[in-house]
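When you get a sec, could you give me coordinates for this:
(one chain, ligands or ions: 1)
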Amino acid sequence: MHEEKELRERSAPIELAPDAFRALGHRLVDEIADFLVSLADRPVTPADPPQAVWAAVGERNLPETGQPPGVLLDRAARLLFQHSLLNGHPRFWGYIIGAPAPIGALADCLAAAVNPNCGGWDLAPVASAIEAQTVRWIAQLVGYPEDTGGLLVSGGNMANFIGFLAARRAKAPWDVRQQGMNAPGAPPLRVYASTETHTWIQKAADLFGLGTDAIRQVPTDAAHRMDPAALNRRIQEDRKAGACPFLVVGTAGTVSTGAVDPLPELAAVCQEHNLWFHVDGAYGAPAACAPEAPADLAGLALADSVAIDPHKWLYVPVEAGCVLVKHPDALRDTFSYRPPYYHLDPDEAVIHYYEHGPQNSRGFRALKVWLALQQAGREGYRRMIQEDTRLARALYRLADAHPELEAGTHNLSITTFRFVPADLEVGTPRVEAYLNTLNEAILDRVKRSGAAYISNAVLAERFVLRACVVNFRTTLGDLEALVALVVRLGRELDAALRPAAL
Ligand SMILES: *Cc1c(COP(=O)(O)O)cnc(C)c1O
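Next up is the predicted model:
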């Protein structure tokens with residue numbers, strides 16, 4: 001029987017023979033090591049036009065027959081090394097993306113090889129215990145109670161969504177999980193967040209059935225921090241009008257300028273009105289471990305839930321977000337169902353993570369965070385975060401001291417500034433409009449240059465350049481080079497653009 005023989009001596013086309021795996025793995029690790037060594041000598045981005053990217057990937061159809069894995073891996077490595085934006089490059093400071101620790105790459109390989117499914121303890125005993133320890137260590141790093149609940153998720157958006165859902169479950173005065181948002185007689189829920197809050201809040205209000213009109217955008221002060229008195233007033237108005245405030249969102253490190261809301265004061269408002277206090281610390285929470293941290297970060301400990309992104313300022317590769325939830329039962333109260341087909345270990349000593357969040361099957365994201373936290377230790381993180389912060393401050397000073405640059409803001413490791421030609425009188429609407437055009441053009445040229453990578457913010461209608469240093473490879477010399485680049489491009493573009501504009 002031919003078929004029986006095949007089934008007995010099966011040879012699957014996806015299998016890699018042990019020797020082949022070893023050889024290919026060693027070669028790939030060598031290529032990655034060479035890539036890491038060469039980072040600083042490469043352009044931050046090749047700035048390929050989209051057609052070049054599509055062409056590099058090619059338009060072949062799904063291959064009908066298999067191909068040799070060595071050829072495929074070589075081709076994939078070349079494609080990625082040559083056509084990627086390199087956020088591990090020492091001169092990458094765009095958005096908020098941490099330079100990835102090399103140990104994270106090895107950790108992801110190890111996690112994928114063993115492939116624990118971190119949905120249930122029975123499926124991933126040691127990985128579940130490592131995840132719990134990672135959550136506890138993150139809490140210890142940022143000064144949050146260490147007996148917290150929490151779990152690893154894909155990023156800041158998901159971590160914030162989970163805080164949002166736990167708040168809704170805990171504070172809505174009806175059974176939201178069973179009756180949903182259309183429960184008879186249910187008052188409209190209201191959530192409070194500053195105008196500087198990241199767009200996750202819109203997605204959450206939309207996705208979870210409140211609608212974005214449920215968001216009360218609380219104004220900020222001149223330093224982009226939420227105004228607690230305005231928050232208090234808005235809550236009282238809504239209560240009077242019959243609505244149901246349930247959640248206040250503070251931000252520890254806003255995306256535009258790194259501002260930290262007055263967290264202890266926001267916590268006091270929540271206490272007074274019996275509201276859930278969630279802090280979006282996706283970017284800034286790790287700064288709480290550093291000696292020069294803003295004092296308001298001590299207010300993290302007062303939050304009912306906190307979102308933190310290890311793939312930002314804990315320098316692990318994407319994806320890794322983390323949510324901490326103070327009340328130990330809050331996550332299970334929000335997410336748990338126990339279907340008959342999961343006959344899982346009922347022991348109190350185990351954690352089934354599928355009950356703590358929206359995911360069912362879950363990858364082993366915790367491993368890379370767990371290893372990175374141990375490689376650097378608290379002392380190492382304190383130093384890296386402090387140095388990033390000092391570098392951002394140094395950039396602010398360089399901009400401030402330069403006659404053709406105007407320093408904007410410096411908070412945590414974010415600095416904003418703009419190019420202003422020395423002979424230009426700022427302030428009139430015409431000049432301000434021109435400066436916006438000029439700085440937009442500078443940003444575009446910097447990004448396409450491959451010499452450095454930054455992004456922008458818009459502050460009081462001013463378009464400013466923005467560098468966020470969450471990069472353990474950056475040195476002072478890299479930032480001096482950025483200043484020189486911006487000034488050179490600024491002069492060139494000003495000469496080209498001003499005659500037609502002013
Ligand atoms: C980055 C960020 C988010 C979103 O996090 P992702 O990891 O991109 O999903 C939310 N809030 C703040 C303050 C952030 O910096």
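
count of neighbours near Thr474?
Neighbours of Thr474 under the rule other CB atoms under 10 Å: 24. Placement of C-beta: from N, CA and C, glycine included.

One more: Leu7?
9.

Does it belong to a helix, a strand or coil?
Following DSSP: H, G, I helix; E, B strand; the rest coil, the label given to Leu7 is helix.

check contacts around the residue of the stretch 301-450 of the chain found nearest the ligand.
Using CB to the nearest ligand atom, the single residue of the stretch 301-450 of the chain nearest to the ligand is Asp309, 4.7 Å away. For Asp309, the contact set (CB atoms under 8 Å, 6 or more residues apart in numbering) comprises Ile96, Gly98, Gly155, Gly156, Ala159, Ala282, Tyr283, Ala320, Gly321, Cys322.

any idea which of the residues you listed is closest to Asp30?
Taking CB to CB as the measure, Asp30 lies nearest Gly98 of the contacts of Asp309, at 25.0 Å.

got the contact list for that closest one?
Asn87, Asp309, Pro310, His311, Lys312, Trp313, Leu314, Tyr315, Val316, Val470, Asn471.

Please report the distance of Ile442 from Leu207.
Between Ile442 and Leu207 the computed distance is 37 Å (CB to CB, to the nearest Å).

Give me the more crowded residue out of those two.
With neighbours defined as other CB under 10 Å, Ile442 and Leu207 compare such that Ile442 has more, 25 against 12.

Close to the ligand: what parts of the chain are there?
Within the chain, the positions adjacent to the ligand are 96, 155-157, 198, 200, 251, 253, 255, 280, 282-283, 309, 321 by CB under 6 Å from any ligand atom.

Adding pLDDT and secondary structure as columns, could you present those in TSV?
Formatted as TSV, the residues of the chain next to the ligand follow (pLDDT from 0 to 100; DSSP: H, G, I helix; E, B strand; the rest coil):
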residue	pLDDT	secondary structure
Ile96	98	coil
Gly155	98	coil
Gly156	98	helix
Asn157	98	helix
His198	98	coil
Trp200	98	helix
Thr251	98	strand
Gly253	98	coil
Val255	97	coil
Asp280	98	strand
Ala282	98	coil
Tyr283	98	coil
Asp309	98	coil
Gly321	98	strand
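
helix, strand or coil for Glu319?
Per three-state DSSP, Glu319 ends up coil.

Torsion angles phi and psi at the closest residue to it other than its chain neighbours?
Nearest residue to Glu319 in three dimensions, chain neighbours excluded: Ser154, at 4.4 Å (CB to CB, 6 or more residues apart in numbering). Torsion angles at Ser154 (phi, psi; degrees, to the nearest 10) stand at phi -70, psi -30.

what's near enough to touch Ser154?
So Ser154 contacts Glu319, Ala320, Gly321, Arg365 (CB under 8 Å, 6+ apart).

Closest to Gln236 out of those?
The closest of those, once distances to Gln236 are taken by CB to CB, is Gly321, at 33.6 Å.

For burial, what's the neighbour tally of the closest one?
Counted with other CB under 10 Å, Gly321 comes out at 25.

Check Ala111 too.
20.

Helix, strand, or coil at the residue nearest to it when sequence neighbours are not counted?
Leaving aside its sequence neighbours, Ala111 sits nearest to Phe364 (CB to CB, 6+ apart; 3.9 Å). Three-state call for Phe364 (three-state DSSP): coil.

Among the contacts of Ser154, name the buried ones.
Among the contacts of Ser154, the ones that count as buried by 16 or more other CB atoms under 10 Å are Glu319, Ala320, Gly321, Arg365.

so can I have a markdown table of these showing distance to Ile454?
Below are those laid out as a markdown table (distance: CB to CB, whole Å):
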| residue | distance to Ile454 |
| --- | --- |
| Glu319 | 23 |
| Ala320 | 24 |
| Gly321 | 24 |
| Arg365 | 28 |
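
Could you check how far whichever residue of the stretch 401-502 of the chain sits closest to the ligand is from Ile96?
Using CB to the nearest ligand atom, the closest approach of the stretch 401-502 of the chain to the ligand is made by Cys468 at 9.0 Å. As judged by CB to CB, Cys468 and Ile96 stand 5 Å apart.

Settle it for me: which of those two has more neighbours?
Cys468 (30 against 23).

what sits against the more buried one?
Trp93, Gly94, Tyr95, Ile96, Gly258, Tyr283, Ala392, Ser413, Ile414, Ser455 are the contacts of Cys468 under CB under 8 Å, 6+ apart.

Grab the nearest non-local neighbour of it.
Cys468 sits nearest to Ile414 (CB to CB, 6+ apart), 4.7 Å away.

Flag every buried residue along stretch 466-473.
The neighbour-count check on stretch 466-473 (16+ other CB under 10 Å) flags Arg466, Ala467, Cys468, Val469, Val470, Asn471, Phe472 as buried.

TSV for the residues you listed, including secondary structure?
TSV is the format used below for those (three-state DSSP):
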residue	secondary structure
Arg466	strand
Ala467	strand
Cys468	strand
Val469	coil
Val470	coil
Asn471	coil
Phe472	coil
